[in-house]
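Colleague: Sequence and predicted structure, then a few things I'm wondering about:
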There are 4 protein chains.
Amino acid sequence: MATQASEQVSAILLISCPDQKGLVHTVTQFIYTNGGNVIDIEQHVDRREGRFFMRVEWDLADFVIPRESLAGAFEKALATPLQMDWQLFYSDIKPRMAIFVSKHDHCLFDLLARYQSHEWDAEIPLVISNHPDLERSATNLGIKFVHIPVTKDNKAEAELQQRELLKQYNIDFIVLARYMQILSDDFIRSYPNQIINIHHSFLPAFPGARPYHSAYERGVKIIGATSHYVTAELDAGPIIEQDVEHVRHTDDVDDLVRKGRDVEKVVLSRAIWRHLNRQVLVYNNRTVVFGN
Amino acid sequence: MATQASEQVSAILLISCPDQKGLVHTVTQFIYTNGGNVIDIEQHVDRREGRFFMRVEWDLADFVIPRESLAGAFEKALATPLQMDWQLFYSDIKPRMAIFVSKHDHCLFDLLARYQSHEWDAEIPLVISNHPDLERSATNLGIKFVHIPVTKDNKAEAELQQRELLKQYNIDFIVLARYMQILSDDFIRSYPNQIINIHHSFLPAFPGARPYHSAYERGVKIIGATSHYVTAELDAGPIIEQDVEHVRHTDDVDDLVRKGRDVEKVVLSRAIWRHLNRQVLVYNNRTVVFGN
Amino acid sequence: MATQASEQVSAILLISCPDQKGLVHTVTQFIYTNGGNVIDIEQHVDRREGRFFMRVEWDLADFVIPRESLAGAFEKALATPLQMDWQLFYSDIKPRMAIFVSKHDHCLFDLLARYQSHEWDAEIPLVISNHPDLERSATNLGIKFVHIPVTKDNKAEAELQQRELLKQYNIDFIVLARYMQILSDDFIRSYPNQIINIHHSFLPAFPGARPYHSAYERGVKIIGATSHYVTAELDAGPIIEQDVEHVRHTDDVDDLVRKGRDVEKVVLSRAIWRHLNRQVLVYNNRTVVFGN
Amino acid sequence: MATQASEQVSAILLISCPDQKGLVHTVTQFIYTNGGNVIDIEQHVDRREGRFFMRVEWDLADFVIPRESLAGAFEKALATPLQMDWQLFYSDIKPRMAIFVSKHDHCLFDLLARYQSHEWDAEIPLVISNHPDLERSATNLGIKFVHIPVTKDNKAEAELQQRELLKQYNIDFIVLARYMQILSDDFIRSYPNQIINIHHSFLPAFPGARPYHSAYERGVKIIGATSHYVTAELDAGPIIEQDVEHVRHTDDVDDLVRKGRDVEKVVLSRAIWRHLNRQVLVYNNRTVVFGN
C-alpha cells in the first residue's frame, strides 16, 4: 500500500465497536457527504466477540470539516451513538519514536539504518539505554542518547527520568530494541499499546530469559521472533508480528543466536511499519493488523 | 474467514470498474437500503490503472430484492451508470468442478482427498484424462471418469468430446491437475478465468516443459509452484497463488520432483479455495485475491 | 539424495558414540579395506555432549563381509572398543509401517496417497483405528484395517490386541496419523524411537489438546505442526520435523484448522521420509537429522 | 556450526575431483596419520557429473606438518595423483573484503552493522563507490572510502584504479552491495568466484534491470533475492543463496522494493557467511554449499 509515500494529506480513522448492521455504510456516508474521498477501507468482524473493526483513510483535499472540529463532529455523529472506541490520525503528522536499548546492538543498528534510509515517515529524536556502549550510533545521526543505568534499587527514579525525557521529546511510542530491563506496571499503563517489544522466540514458546538456550535444549527445528505490545504480564501482550527460521542439529546456541538476530530485526521492523501506518487495533489481547 | 462454514445464505458481488469518489458508499448504500446486512467487504484501488475492485458479501435473510430481480436491479441502479464489470454469486449454489489429469497422480489424489474430507463446498462430478490409469481413484468416490485419448491428429475431436461432457455435467470451472496436454485457444476462450492450472515452477522462471530439470541445471536454491488461470499464452496467465521450497546441492532432480509435489499440491488447493470463495478478480493479466 | 531411487544394494550404519580422534578414519577404513564403496557419509559432533554421530552408506557390490557376519564383525572390530551405539540397515529390506488413526482423515489420506504413488520404499500392511469410519480408504488399497475401540476400561486389552497385530504383520514402526488416544508407557517403551506422532502446533507451544483453539486465543500470527518420536511424556519427545504457516486476524479457528491440516500433512510425511531413509539419530531427547 | 567462534586454529580443505572409491578414507588418513583431529567433514558426490566434493576441517594443535610445507605435501601425496582442484585455508587468517556500492544504501548499512557487531571474522578495509553519498557510513567505522565515478568513457581507467586499490588493501573478495555498474569480463576473470553479487529477484526470473517493476507487471505472488558469484554473463553466475517473500495485490512497486530490501540484506549476508566459512565450492556454474 505504501501509504507513506503519498503526498496528499489524509485522515485515518481506527474504529472498534459492537457489531451491528450498516456500520460500513454509516461511516463511509459520514466521510462522503462531507466531501472526503476514501482512499482505503478495511473492516473486520470478530463474530465470536460480536465486535466490528475498521480502518478507513480518506483524502482531506475536499473534506469540508476542519481538523479542529473533526474529532468533535465524529464523536457526536457516530462514536457516541455507536459506542465506538476510535483513534484519529493525520498523514502529515509524523509519529515520534523513542528507542530503549541495552547492549545487544543488532536491532538498534537495523532501526537506525532504516531511519537513515528514510524507510519510515517518523521521527526518532531519542535513544535511552541502561548502558553507555551504543551512544555513538545514535549521536552520529543527530539523535539524543541518554544513559540511564538501572539497578534493583534505582528503578523507580530511573523510570521517572525516562518518563520526563519521553515528555520532553514529545514521544508517541517506544520501541524496546532488545532492552533487557522489565518496565513497571505503572510505566506500561501510561503507554497502552504504545510500547513495542521484540522477543527472541516464537511466543508463547520460550517466554522469559534465554529463549535460544531453551530452544536448543528442546531440540526444536524452527526458531522465531515475536513483536508485541508490552502489557503487565511478561511476554504475554498482543502479538503484532511473528516469523521463524529453520534450524538443524548442526546449529549450536551461537548459531541460533546469529540466525535469530535476522528474524528479530525483520519482525520488529515490520511491527513498527504496521504501527506507523496506523494498521494495528488491539482487542482482548489480540491484534487486528490491517493492510497485509 | 471460513466463509463456507456459514449456514446463512449470502450473496457475493465481485466488482471491477473505473475508480471514482464514493464507490464504497454507493454500493453499501444499495445493499443497506434494501435490507442487506454486510458480512464482509473488501476493496482495492489500483492507482496506476485507475481501477476499483470490490468484493462484498451480505446476508440475504432480510434482503428485500428477490434473487430473480437482483441482477437486473443492480445492473440498472449501479453497474450501467458506473461502468462496472461484475459477477454475482449465492453461497448456497455449489460450484461444479471438473478435473483434467494425465498420469501424474499426486495432485489428483490430493484434490480427491480434500473432496472426500468435505474441505470444499463444491461438487466434483467429473474427471477427464488422456490416460486410463487413474480411473479407480475417481470411481471409488462415485465420480464419473472419462478416458479421452489425445493425439496430434484427434485433438479437435477430443476437445469436442470434452466440451460436451463439461456441458452435460454443468461444469463451472476446470482444474488441470498436471494435465500434460495443451488446450486450444478456442477451448480456453470458452472458459475465461475458469481454468486453473498448476505449473511446477515459480513462474516466470522455467515455463514450459521439464522445469525441475531446468531448475537443477541452473542450480537454484529454491523451487516452487504456480497456480494460474489458463490463457492462450502458455504459462503466462494471471497468477493466483505461488509458493516455494528450499533445496540444496544434495538434492538431485528426483529430489526436486519429490519436494515439488508437495508445493504443487498446496499451491493448487489454495488457488481452488480462493476461486471457490469468489475471492479472485482478474484485470490486465493480474489477479486481485481478496481475503488473504 | 533420493537414496531410495537407487538400484544398487547398500548398507547403512548409524553410529552414536563418545567423541574421539580419528573416528571417521576408523569407520571408513573398516569399510574401505573390506571392499565397500562409500556412497554417502555424514558426521556430526555435539561438542557440549562430547558425542559423535555418523551415518555412512556404502555399496555392497564388492564388499567382502557377508551380511550374516557383518554385525558381528563390526561389533568386535569397532563398536565394542569405541563404545558405539549403532544400527545397521540394508537398502533392499523395506521397512514395514503401521498407521494408527482416529477420525481426522487428512493425514491418513495423505499417507495413503503417497503410498499409492510409490513415493516411499516401504510397506504399509496395517491400519489400526479406534473408529470404523476410515476402513474403506485402507481396504481399497489392499491394506488390512482393524477397528479396535478404546475406552477408559479396555485400554490394556486394546493395546494387547494392537501389539499382537503389530507382531503378526512384522511392523517395524508406527505412525500416529492424528490418533487421539494416549499410548501407555509400556507400549511406548516397546517401540523406542519407532513411533512417529504428528502434533498440530509448533511445539513446545500449545502441547496437549485443542492447540488451534489455544493458538487463536493467544492471537499468534503463525501456526505450525511438529512431528516427533513418542516418549512417555506427552508431546515432549524428540522433534524430527517442524514447519509453520502464517495466519491473520481474519482467520478464525476453522481457518487455523484448515491451514494447519496442510502443514501437518507435509511435516508428518517429511519425518517419515527421514525415518525411512535412516537419517534420524536420537540422543538426549534431541534428534540428529542427516541428509539436508 | 559457528566455526568462527572457535579459538583453536584449524585448517580447512576444499576439494573437488573425479569421483572414485575410497576418497574420504584417503583424505582422512592423510590428516589422521599426520596428527590432525578432524573437527568437521562433509562430502558430496554429484553422480551425474561423476564428481566428488569435500570440505574437511581439522585442528592443527597436534598436526605435524608445518604450514609452509602443508600445501606441497598435500599436492604431492593426494592432489596430483587424484586430480584434485583444492583450496587450503587457515582459521586464524581473516579474509579481507571490499564493498562496492552505488546509491542504494540498505545492503551497505546492513553489512557495516554486522561488521560493527563482530558478526563476521573478517576485515573490511575498503569501500568503493561510483557516488560520494555514502562516504560517512564507511569512514565513521574507520573504513577507507574511495569515490571512483564511472562513466561510459572512463570505465577502463576506473577499473584500473579499483584494481590498484584492491591490491593495495590486500583484498581477498569483493561484495557488490547493489553496485549498479557492470564489471568488465577482464575484471571478473581476475576474481574468479571471489565477487559476490546480490540481485533483487529470484533468478532466473527477472534478470537485468528493474526486476521489481517486472515482478509487479507479471503479477507474481512472491518476490525474492539471489546472491551469486559474478561471471561474465550478467546475472547468470553460480547461485549461493536465495530467499523469497510473499506479496499481494495490495503491494505496489514501492512495497515490493521495501519488502525486497529485507530479503536482499538477509540473502547477501548469508552468502557472505558461507563464503567466509569456506563452505562454497563451484563446479559447472552450480554451487555446493556445505554446512547446512
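Modeller: Looks like it arrived, so ask away.
Colleague: Test my guess that residue A:246 contacts residue A:220.
Modeller: No: between residue A:246 and residue A:220 there is no contact under CB atoms under 8 Å: 9.9 Å. Using the backbone N, CA and C atoms, a C-beta is placed for each residue, glycine as well.
Colleague: More neighbours: those two, which one.
Modeller: A direct count of neighbours by other CB atoms under 10 Å in any protein chain shown for residue A:246 and residue A:220 places residue A:220 higher, at 26 against 16.
Colleague: where's the more buried one relative to residue B:116, distance?
Modeller: Going from residue A:220 to residue B:116 by CB to CB, to the nearest Å gives 33 Å.
Colleague: what does chain A have sitting close to chain C?
Modeller: A:44, A:46-48, A:202-206, A:218-222, A:224, A:238-244, A:248-250, A:252, A:285-289, A:292 (CB under 8 Å from any CB of the partner chain).
Colleague: So which of those residues are in helices?
Modeller: Secondary structure from DSSP state H places residue A:218 of the residues of chain A next to chain C in helices.
Colleague: Which ChimeraX command selects the buried ones in the residues of chain A next to chain C?
Modeller: Entered in ChimeraX, the line below selects the buried ones among the residues of chain A next to chain C, by 16 or more other CB atoms under 10 Å in any protein chain shown:
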select /A:44,46,202,203,204,205,206,218,219,220,221,222,224,238,239,240,241,242,243,244,248,249,250,252,285,286,287,288,289,292
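Colleague: could you pull out the helices for the stretch 1-150 of chain A?
Modeller: Taking DSSP state H, counting those that start in this stretch as the test, the helices found in the stretch 1-150 of chain A are A:23-33, A:67-74, A:106-116, A:135-139.
Colleague: just so I know, which of these lies nearest residue B:33?
Modeller: helix A:23-33 (8.5 Å; CB to CB).
Colleague: which other helices and strands contact that closest one?
Modeller: Where contact means 3 or more CB pairs under 8 Å, 6 or more residues apart in numbering or on different chains; DSSP states H and E, helix A:23-33 is packed against strand A:10-18, strand A:37-46, strand A:51-59, helix B:23-33, strand B:37-46.
Colleague: So which bits of that helix are buried?
Modeller: In terms of neighbour count (16+ other CB under 10 Å), helix A:23-33 has its buried residues at A:23, A:24, A:25, A:26, A:27, A:28, A:29, A:30, A:31, A:32.
Colleague: can you give me the offset of that helix from its chain's centre?
Modeller: Computed by CA atoms, centre = their mean, to the nearest Å, the chain-centroid distance of helix A:23-33 equals 28 Å.
Colleague: what's next to it, contact-wise?
Modeller: The contact list for helix A:23-33, computed with CB atoms under 8 Å, 6 or more residues apart in numbering or on different chains, reads A:13, A:15, A:17, A:38, A:41, A:43, A:52, A:54, A:56, A:58, A:63, A:74, A:77-78, A:82, B:21-22, B:24-25, B:28-29, B:31-32, B:38, B:41.
Colleague: again, only using 7 Å
Modeller: Contacts with helix A:23-33, where a contact means CB atoms under 7 Å, 6 or more residues apart in numbering or on different chains, come from A:15, A:38, A:41, A:43, A:52, A:54, A:56, A:58, A:77-78, B:22, B:24-25, B:28-29, B:32, B:38, B:41.
Colleague: now these: which count as buried?
Modeller: Counted by 16+ other CB under 10 Å, these give A:15, A:38, A:41, A:43, A:52, A:54, A:56, A:58, A:78, B:22, B:24-25, B:28-29, B:32, B:38, B:41 as buried.
Colleague: Tell me how far the residue lying farthest from the centre of chain A lies from residue A:221.
Modeller: What lies farthest from the middle of chain A is residue A:250; by CA atoms, centre = their mean that is 34.9 Å. Computed as CB to CB, the residue A:250 to residue A:221 distance reads 12 Å.
Colleague: Next, work out how far apart the nearest residue to residue A:205 once chain neighbours are set aside and residue A:171 are.
Modeller: If the residues on either side of it in the chain are set aside, residue A:205 comes closest to residue C:205, at 4.0 Å by CB to CB, 6 or more residues apart in numbering or on different chains. Noted for residue C:205: a distance of 33 Å to residue A:171, by CB to CB.
Colleague: contacting residues around the residue in the stretch 1-150 of chain A that chain C sits nearest to?
Modeller: Of all residues in the stretch 1-150 of chain A, residue A:44 sits closest to chain C, at 6.1 Å by CB to the nearest CB. Residues in contact with residue A:44 (CB under 7 Å, 6+ apart) are A:53, A:288, C:249, C:250.
Colleague: Closest one of those residues to residue B:123?
Modeller: Nearest to residue B:123 out of the contacts of residue A:44 is residue C:250 (CB to CB; 26.5 Å).
Colleague: Give me the phi and psi for that closest one.
Modeller: Residue C:250 adopts backbone torsions of phi -80, psi -10, taken as degrees, to the nearest 10.
Colleague: what about it, distance to residue C:259?
Modeller: Counting by CB to CB, the gap from residue C:250 to residue C:259 is 12 Å.
Colleague: Also residue A:24?
Modeller: Using CB to CB, one obtains 27 Å as the distance from residue A:24 to residue C:259.
Colleague: cool, and residue A:181?
Modeller: Taking CB to CB as the measure, residue A:181 and residue C:259 are separated by 37 Å.
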